[in-house]
Structures are given as structure tokens and as C-alpha cells.
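Undergrad: Quick one, what's the 3D model for this:
(one chain, ligands or ions: 2)
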Amino acid sequence: MKLQEYHAKTLLARAGLPVPEWAVASSPGEARLQAETFLARGAGKVVIKAQVLVGGRGKAGGVKLAASGAEAERVAGAILGMDIKGIVVRRVLVAPAAEIEREIYLAAVLDRTERKILLMGSAEGGVEIETLAEERPDAIVRIHAHPHLGLLDWQARKLAFALGLGDHLKAAVAIAQGLQRVMVENDADLVEVNPLALVRETGPDGTPVLTLQCLDAKVTIDDSALSRHPGLEAMRDLDEEDPIDIEARRLGLSFIRLEGSIGCMVNGAGLAMTTMDLVKRAGGSPANFLDIGGGARSEKVANAMRLILAEPSVKAILVNIFGGIARGDEVARGLVEARSQQTRDVPMVVRIVGTNADLAAGILADAGGGIRTAQSLDEAVEMAVAIARSAEA
Ligand code: GDP
Ligand code: MN
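TA: Residues are numbered from 1 along each chain as shown. Ligands and ions are numbered 1, 2, ... in the order given. The predicted model follows:
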């Protein structure tokens with residue numbers, strides 16, 4: 001689950017990292033009031049930033065500066081409602097604008113191969129890290145945190161020096177270690193600050209000082225860990241999620257939409273993957289990944305069928321059930337029930353083996369029309385692919 005910038009910044013600030021204060025507005029008038037507050041407190045300008053879960057907002061025109069309340073209102077009015085890479089902006093973040101001396105990239109990511117948290121940094125912030133990784137891979141500094149002890153002091157110092165932050169060692173070390181902690185404490189996959197900026201400010205005695213600040217933040221939480229973090233679950237932005245994904249989660253189904261034409265209903269993640277592979281091998285393409293789970297009852301089967309059929313490109317449905325805890329007759333009853341409610345006539349190929357497979361066969365035979373049964377998985381896959389192909393022709 002990706003967090004909006006203002007939520008990500010909440011996690012960073014909570015961990016003690018330096019984040020400029022901010023407010024969130026959903027109307028131009030609200031943005032104006034917030035801007036006026038920051039300007040009255042001494043900010044020279046404010047920055048107005050689109051809150052959408054896509055990168056490159058700056059380039060797309062979703063990050064703008066304003067010098068007065070009126071300008072902030074105008075700029076916010078232009079950004080709110082803007083379409084950035086297919087997502088409509090519903091909220092903006094308003095913050096005192098930083099005077100940037102230098103932009104740095106710093107992130108904690110999960111290195112699955114090493115099974116460690118990897119701190120990645122580049123002295124050249126502001127640019128997209130993917131571009132940098134391709135064009136100038138040696139410009140990226142990489143340090144793995146210790147799996148139990150976290151990012152050790154010497155590691156953080158090494159990272160800071162490599163990023164040219166030797167003059168800001170203490171602050172840089174605290175930030176790097178903070179990112180690692182935010183990662184662990186929230187079960188995140190990614191905690192990215194781009195830019196981490198050296199910001200010009202005026203010291204208490206009127207002299208200019210440079211401070212390090214997290215001007216942008218991107219955090220992705222491991223979906224499988226969300227049950228441990230109800231506070232993070234509450235940060236979910238339903239506006240930006242696919243309605244099908246929301247419905248699947250509500251129904252407790254593991255469902256991932258794909259591009260193909262064959263809807264797949266399978267119990268067990270491994271069997272679901274295998275089924276998709278076989279569909280591909282037979283020359284078809286799966287419309288979804290769906291694991292209805294062990295012990296699925298007929299109601300769950302009917303719900304799953306509704307999700308599959310919500311996709312208009314589905315031309316055939318392949319049901320592959322290995323009855324263990326899930327009973328074949330329960331699944332078959334669910335299929336028949338779903339079939340009776342179905343508004344669209346999509347042919348269904350069913351292969352059920354294992355517990356109560358014989359009862360299942362009887363139920364499906366009595367149901368008649370539209371449900372075809374297969375003895376083997378290969379046969380079922382071939383039938384489904386052939387049906388989809390002729391429907392597409
Ligand atoms: P992104 O494009 O979605 O990554 O959004 P960012 O928050 O990173 O902003 C993009 C760019 O806008 C940054 O790289 C900065 O150059 C600039 N920017 C962001 N915040 C400020 C700010 O407070 N002051 C100034 N002067 N520029 C900013
Ligand atoms: Mn950024």
C-alpha cells in the first residue's frame with residue numbers, strides 16, 4: 001500500500017526526522033488560509049503540491065510555489081482537479097517553501113536477495129532514481145543495514161560522506177538511521193526521501209545556515225503486514241484504488257486483475273499460479289489471479305464469480321479446485337448459484353478433484369447449460385482456451 005506524501009511525512013516526523021511543517025487542503029480557499037498562516041509566520045513563499053500516488057508530480061506541473069495567499073489560492077485551484085498520469089488531484093499539501101541549496105536522494109528499500117534493508121543514496125537528488133540507476137549506476141551509494149542492529153553508526157557516517165554531507169554529519173546520520181527505523185517499525189517496503197535537501201535558513205543571530213530537510217517522502221507498506229498496523233490501514237486512500245481491489249479485500253479474496261480473457265478461479269496460491277502458467281502455455285491469457293482460499297464456502301465462490309465477471313474482457317471462466325479442506329460439493333453449489341445470478345452468459349469450464357468430487361460432478365451435471373466439466377487439468381485448460389479464442393475471433 002502506497003501512502004500519500006502527507007501520510008509518509010507523518011511517519012518521518014513521528015520518528016524525529018526533519019520535515020518542514022505542512023497542511024493539507026482540498027479547496028483553493030483552504031489552501032489560501034494555510035498559505036497565509038505560513039507566510040505570516042515568516043515563510044518567504046509556500047510550496048503547493050498535488051497529493052497523488054504517482055511519481056514525477058513536479059514535472060507534471062503538480063508542484064508550484066506561491067508568494068501570497070491570493071497566488072496560493074490560484075495555484076491550488078489549478079492543481080486541484082488536475083489529471084496527473086490518470087489520477088485526479090483531490091488534495092494539495094501546503095508548506096513553507098524551502099530555499100534549496102542542493103538536492104540529495106536517500107531511501108531505504110528491501111533487498112529481497114540479501115534479505116536486508118538497503119540504504120540507497122545519491123548526491124544527485126531530484127532526478128528519478130530509476131533513470132540514474134540506468135545511466136550512471138556508480139553515482140548510487142549502497143549500504144546494507146545490519147539485520148538485527150539496524151544501520152550502524154559507522155555505516156551511516158560512510159553513507160553521509162559518500163553523499164557529500166561531511167559538513168552535516170550528525171544530521172545526515174540521524175536521517176539515514178531514522179529511515180531504517182521507519183522501515184522496520186512500519187513494515188515498509190520502501191521509505192524514500194527525494195529530495196533530501198540542504199536548505200538555506202537564517203540562524204538565530206541572523207547569519208545564514210544550511211540544514212538538512214526531507215522535502216518529499218514516499219512510503220510503501222507491505223500489504224501482508226497491514227493487519228499489525230491499524231493506524232496505517234486508516235491512511236489508505238480509497239479514491240486512488242481500483243474499485244475491484246477494494247471489493248476483493250472486503251470479501252477476503254486474493255484477487256489480482258490481469259489483461260487476458262480467461263477468468264481463473266482456483267483454491268490455493270500455488271495452484272492458481274500453476275493454472276495461469278498452463279493457460280499461457282496453451283496459448284491463452286489469464287484475466288486474473290484468484291485464490292479463493294482453503295475451505296471456501298459456496299457464498300465465497302459466488303462472490304469470486306461476480307468479481308471475475310465484472311471484467312468485460314472475460315470470455316471464458318476456468319475453475320480449478322483441488323478439494324482438500326474445500327469441499328467439491330460446496331464449490332459446485334456456489335458455482336451453480338453464481339450461474340443463476342449471472343447477467344452475462346460466459347461459458348464455464350470446471351475441474352474439481354479431491355474431497356466430494358463425485359458429489360460436485362452430480363451437482364454440476366444437474367445444473368446443465370453453460371457449465372462444462374473436465375476430468376484433467378490439461379483438458380480443462382484446453383477447453384477454456386478454445387472457448388476464449390472462438391469468442392475473440
Ligand atoms: P515529485 O516530483 O513528485 O517527486 O515531487 P517533489 O516533492 O520531489 O518536488 C519536485 C521538485 O520540486 C523537487 O525536486 C524540488 O526541486 C522542487 N521543490 C519541492 N519542494 C520545494 C520547496 O519547498 N522549495 C523549492 N524551492 N522547491 C521545491
Ligand atoms: Mn520527489
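
Undergrad: low pLDDT regions in the stretch 151-300 of the chain?
TA: By pLDDT under 70, the stretch 151-300 of the chain contains no weakly predicted segment.

Undergrad: Kindly report the residues of the stretch 151-300 of the chain close to ligand 1.
TA: Contacts of the stretch 151-300 of the chain with ligand 1, taken as Cβ under 6 Å from any ligand atom, map to 194, 195, 215, 216. Heads up, the C-betas are built off the backbone N, CA and C, glycines and all.

Undergrad: Could you count how many residues lie near the second one?
TA: Read it as residue 195. 22 (other Cβ atoms under 10 Å).

Undergrad: That one against residue 213, yeah?
TA: No: the criterion here is Cβ atoms under 8 Å, and residue 195 misses it with residue 213 at 9.0 Å.

Undergrad: Ramachandran angles for residue 319?
TA: In this entry, residue 319 is assigned phi and psi values of phi -110, psi 120 (degrees, to the nearest 10).

Undergrad: residue boundaries of the helices in the chain?
TA: In the chain, helices defined by DSSP state H lie at 5-14, 28-40, 69-79, 129-135, 153-162, 169-185, 230-233, 243-251, 269-281, 298-309, 328-341, 357-367, 377-392, listed in chain order.

Undergrad: Quick one: these as JSON lines, columns for mean neighbour count too.
TA: JSON lines is the format used below for the helices of the chain (neighbours: other Cβ atoms under 10 Å):
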{"stretch": "helix 5-14", "mean neighbour count": "20"}
{"stretch": "helix 28-40", "mean neighbour count": "20"}
{"stretch": "helix 69-79", "mean neighbour count": "21"}
{"stretch": "helix 129-135", "mean neighbour count": "12"}
{"stretch": "helix 153-162", "mean neighbour count": "18"}
{"stretch": "helix 169-185", "mean neighbour count": "20"}
{"stretch": "helix 230-233", "mean neighbour count": "12"}
{"stretch": "helix 243-251", "mean neighbour count": "14"}
{"stretch": "helix 269-281", "mean neighbour count": "17"}
{"stretch": "helix 298-309", "mean neighbour count": "21"}
{"stretch": "helix 328-341", "mean neighbour count": "21"}
{"stretch": "helix 357-367", "mean neighbour count": "17"}
{"stretch": "helix 377-392", "mean neighbour count": "19"}
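
Undergrad: So for residue 22, which of these sits nearest?
TA: Smallest distance to residue 22 across the helices of the chain (Cβ to Cβ): 6.3 Å, for helix 5-14.

Undergrad: Contacts made by the closest one with the rest, please.
TA: Contacting residues not belonging to helix 5-14 are listed as 3, 19, 22, 24, 49, 51, 91, 93, 178-179, 182, 186, 191, 193, 214, 216-219, 235 [Cβ atoms under 8 Å, 6 or more residues apart in numbering].

Undergrad: ok, now which ones touch residue 233?
TA: Contacts were defined as Cβ under 8 Å, 6+ apart; by that measure residue 233 touches 226, 227.

Undergrad: so residue 23 sits right up against residue 32, yeah?
TA: No: under the criterion of Cβ under 8 Å, residue 23 makes no contact with residue 32, lying 11.2 Å away.

Undergrad: now residue 151: how far from residue 228?
TA: Counting by Cβ to Cβ, to the nearest Å, the gap from residue 151 to residue 228 is 22 Å.

Undergrad: These two - which one has more neighbours?
TA: Taking other Cβ under 10 Å, residue 151 and residue 228 do not tie; residue 151 has more neighbours (23 against 11).

Undergrad: Please list all residues in contact with that one.
TA: Going by Cβ under 8 Å, 6+ apart, residue 151 touches 117, 119, 143, 145, 159, 176, 177, 180.

Undergrad: So residue 52 is in contact with residue 92, correct?
TA: No: in this structure, residue 52 is not within contact of residue 92 by Cβ under 8 Å, at 9.9 Å.

Undergrad: neighbour count winner among those two?
TA: Each of residue 52 and residue 92 had its neighbours counted (other Cβ under 10 Å), and the higher figure belongs to residue 92 (31 against 26).

Undergrad: Any part of stretch 30-40 near ligand 1?
TA: No: between stretch 30-40 and ligand 1, judged by Cβ under 6 Å from any ligand atom, nothing touches; the nearest distance is 10.9 Å.

Undergrad: now that stretch, how far from the centre of its chain.
TA: Average the C-alpha atoms of stretch 30-40, do the same for its chain, and the two points are 31 Å apart (Cα atoms, centre = their mean, to the nearest Å).

Undergrad: For it, C-alpha coordinates in PDB please.
TA: These are the backbone C-alpha positions of stretch 30-40, laid out as PDB (Å, rounded to 0.1, in the frame of the first residue of the first chain):
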ATOM      1  CA  GLU A  30      -8.500  26.400   2.300                       C
ATOM      2  CA  ALA A  31      -5.000  26.400   0.700                       C
ATOM      3  CA  ARG A  32      -5.100  30.200   0.800                       C
ATOM      4  CA  LEU A  33      -5.800  30.300   4.500                       C
ATOM      5  CA  GLN A  34      -3.000  27.800   5.200                       C
ATOM      6  CA  ALA A  35      -0.600  29.700   3.000                       C
ATOM      7  CA  GLU A  36      -1.400  33.000   4.700                       C
ATOM      8  CA  THR A  37      -0.600  31.300   8.100                       C
ATOM      9  CA  PHE A  38       2.800  30.100   6.900                       C
ATOM     10  CA  LEU A  39       3.600  33.400   5.300                       C
ATOM     11  CA  ALA A  40       2.600  35.400   8.400                       C
END
